[in-house]
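Asks: Following is a predicted model, sequence given first.
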Amino acid sequence: MLTKLERIQKDIEALSAFNDTKGEGLTRFSLTEADRGARDYLKSEMKKIGATVYEDAAGNLFGRLQGTDSKAPMIMIGSHFDSVKNGGNFDGPAGVVMGLEILRVLKENDIALKNTVECVALIEEEGGRFGGGLYGSRAMKGLVTAEALEASLDSAGISMAKALNAFGFDAARIGEAKRNPETIKAFIELHIEQGPVLENEKLDVGIVGKIVGIRQIKVRVYGRPDHAGTTPMPMRKDALVSAAEVIASVPGFALAVGDGTVATVGTLSVLPGAANIVPSEVTFTVDIRSKNAQSVEAVHKAIEEKLKALEAVRGIAFDVKTLLSVEPTQLSETIISSLKASADELGISYKDMPSGAGHDAMIMASMVDTGLIFVPSKDGRSHCKEEWTDYDALQKGIEVICHTVIEMGR
Ligand code: GLV
Ligand code: MN
Ligand code: MN
């Protein structure tokens, strides 16, 4: 029989095998064969535990252990199982493995809780394939429409609606993924820290209070395609030159509002994309994050003002589309206290922390009491192949949540 630590390691390693970029980090986009493989592994583990397995209309996967009081709302635990492009093995899966392992502990110790406990594996948190992100939790809040599924395209032009249908789901029924908040007592997520604080301070876990607000926008700048050799400089409408000016201003906009606000241009595409044609269309994304909603708004506004100024002097045109907008979120004080009490009881060290990364917990927190625990990331690295958390460190985070779930459900 495997120890708990060995089970955790086995789960992480098994999930890591479902990867479309072996040797170059882990890429597991939603509704792909890698998703299918990871999903099948999780289903089979959930079944081995004796959990009831089901998927919702959004493609989220659940394993349920029924509570003794059928009227009591459930405790939901887990995280996402999709990844960024060329990411690591822990961002997302660490929290799913937490859910799985807690189901195992409950089952093997015959711990009968009043509340049903559901382990959830959410999809498309990263927005790696279809953009935006936090999709699984947003669908549970009822924020995803069938029209939005049609409009969300991957890089090959396949809509999320089409991908869901091809995978065996029914995009037209997306509304059924919406949860009644009254049926959920709490949502608790575990995630790797993705930063250096816990490791530097030699602490076991971080207990998250506030998650930053996030807005992601897609900017399109339209110029005019012309011959790169024959078109005099004053006659050009070069979309890339204008876009570059905006992009170069973005760090300054974030610094100017202060508050630790950050802004990142993470994608850029140039059309038609030939050495001898003046660029006619440039698309880039800006990801803006701050603990204050006004600071996010101010950076967004500054970008639009800059674009307007360029439109006036350079004759380019532009449009700006919001892909994701989530307010800064405070997590539940009740759950924070329970997690701290559990950590104290178990002799696990912790500190209060904010989160600069987005998590499904921030959507769930607008519906139900929500908590989030961080475990240390080696060298603070994440969203890269070097991403690593020691298995015994992960186990400590799992133990804190397990203790809290048992206390809550007694
Ligand atoms: C997810 O990793 C995010 O913070 O965007
Ligand atoms: Mn991530
Ligand atoms: Mn994540």
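Replies: Received it, and whenever you're ready, just let me know what you need. Numbers count the residues shown, from 1 in each chain. Ligands and ions are numbered 1, 2, ... in the order given.
Asks: which one is the spatially most central residue of the chain nearest to, not counting chain neighbours?
Replies: Geometric centre of the chain, nearest residue: residue 125, 3.5 Å, by Cα atoms, centre = their mean. What sits nearest to residue 125 in space, not counting adjacent residues and going by Cβ to Cβ, 6 or more residues apart in numbering, is residue 80, at 3.4 Å. Every C-beta, even on glycine, is put in place using the N, C-alpha and C of the backbone.
Asks: Quick check: next helix or strand after the host helix or strand of residue 248?
Replies: Using DSSP states H and E, residue 248 sits within helix 239-257. Toward the C-terminal end, the helix or strand that comes next after helix 239-257 (DSSP H and E) is strand 262-271.
Asks: got the angle for that next one vs helix 239-257?
Replies: 180 degrees (axes from the mean of the first three to the mean of the last three Cα atoms, to 10 degrees).
Asks: Contacts (any at all) between ligand 1 and the strand or helix carrying residue 309?
Replies: Element membership for residue 309, per DSSP H and E: helix 293-314. No: Helix 293-314 does not reach ligand 1 (Cβ under 6 Å from any ligand atom); its nearest approach is 13.7 Å.
Asks: Flag every buried residue along stretch 33-43.
Replies: By 16 or more other Cβ atoms under 10 Å, the buried positions in stretch 33-43 come out as 34-35, 37-39, 41-43.
Asks: one step back: need the contact partners of the helix holding residue 248.
Replies: Residues outside helix 239-257 that contact it (Cβ atoms under 8 Å, 6 or more residues apart in numbering) are 219, 221-223, 261-265, 268, 270-271, 279-282, 284, 286, 288, 290, 295, 298-299, 302-303, 306-307, 310, 314, 316.
Asks: one step back: any idea which of the buried residues of stretch 33-43 is closest to residue 207?
Replies: Within the buried residues of stretch 33-43, the smallest distance to residue 207 is 26.2 Å, found for residue 42 (Cβ to Cβ).
Asks: what separates the residue of the stretch 51-200 of the chain found nearest ligand 1 from residue 87, distance-wise?
Replies: Residue of the stretch 51-200 of the chain nearest ligand 1, by Cβ to the nearest ligand atom: residue 126 (5.6 Å). Residue 126 sits 8 Å away from residue 87, going by Cβ to Cβ, to the nearest Å.
Asks: try residue 249
Replies: Distance from residue 249 to residue 87, by Cβ to Cβ: 29 Å.
Asks: who has more neighbours, the two?
Replies: Neighbours around residue 249 and residue 87, counted as other Cβ atoms under 10 Å, are more numerous at residue 87. The numbers are 23 against 16.
Asks: Now the more buried one, what are its backbone angles?
Replies: Main-chain torsions, residue 87, degrees, to the nearest 10: phi -90, psi -150.
Asks: what does the stretch 51-200 of the chain put close to ligand 3?
Replies: Proximity of the stretch 51-200 of the chain to ligand 3 is confined to 91-92 under the rule Cβ under 5 Å from the ion.
Asks: what about the stretch 51-200 of the chain, any weak spots by pLDDT?
Replies: For the stretch 51-200 of the chain, no stretch is flagged by pLDDT under 70.
Asks: now the strands: where do they sit in it?
Replies: Ranges of strands within the stretch 51-200 of the chain are 52-55, 61-65, 74-80, 117-122, 184-192, based on DSSP state E, counting those that start in this stretch.
Asks: who does the last one touch, helix- and strand-wise?
Replies: Contact here means 3 or more Cβ pairs under 8 Å, 6 or more residues apart in numbering; DSSP states H and E; on that basis strand 184-192 packs against strand 74-80, helix 93-108, helix 333-346, helix 360-364, strand 369-375, helix 391-409.
Asks: For those, give me TSV that also has mean neighbour count.
Replies: Output for these, formatted as TSV (neighbours: other Cβ atoms under 10 Å):
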stretch	mean neighbour count
strand 74-80	27
helix 93-108	25
helix 333-346	17
helix 360-364	27
strand 369-375	28
helix 391-409	22
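Asks: and of those, who's closest to residue 17?
Replies: Judging those by Cβ to Cβ, what sits closest to residue 17 is helix 93-108, at 11.4 Å.
Asks: How far away from the center of its chain is that closest one?
Replies: Centroid displacement of helix 93-108 relative to its chain, using Cα atoms, centre = their mean, to the nearest Å, is 20 Å.
Asks: Output that helix as PDB, restricted to C-alpha atoms.
Replies: In PDB, the C-alpha atoms belonging to helix 93-108 read as follows (Å, rounded to 0.1, in the frame of the first residue of the first chain):
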ATOM      1  CA  PRO A  93      -3.100  19.800 -10.700                       C
ATOM      2  CA  ALA A  94      -1.700  20.400  -7.200                       C
ATOM      3  CA  GLY A  95      -5.200  21.500  -6.100                       C
ATOM      4  CA  VAL A  96      -7.000  18.700  -7.900                       C
ATOM      5  CA  VAL A  97      -4.700  16.100  -6.300                       C
ATOM      6  CA  MET A  98      -5.600  17.800  -2.900                       C
ATOM      7  CA  GLY A  99      -9.200  17.100  -3.600                       C
ATOM      8  CA  LEU A 100      -8.600  13.500  -4.700                       C
ATOM      9  CA  GLU A 101      -6.400  12.800  -1.700                       C
ATOM     10  CA  ILE A 102      -8.900  14.200   0.800                       C
ATOM     11  CA  LEU A 103     -11.600  11.900  -0.700                       C
ATOM     12  CA  ARG A 104      -9.200   9.000  -0.100                       C
ATOM     13  CA  VAL A 105      -8.500  10.000   3.500                       C
ATOM     14  CA  LEU A 106     -12.300  10.300   4.200                       C
ATOM     15  CA  LYS A 107     -13.100   7.000   2.600                       C
ATOM     16  CA  GLU A 108     -10.300   4.900   4.100                       C
END
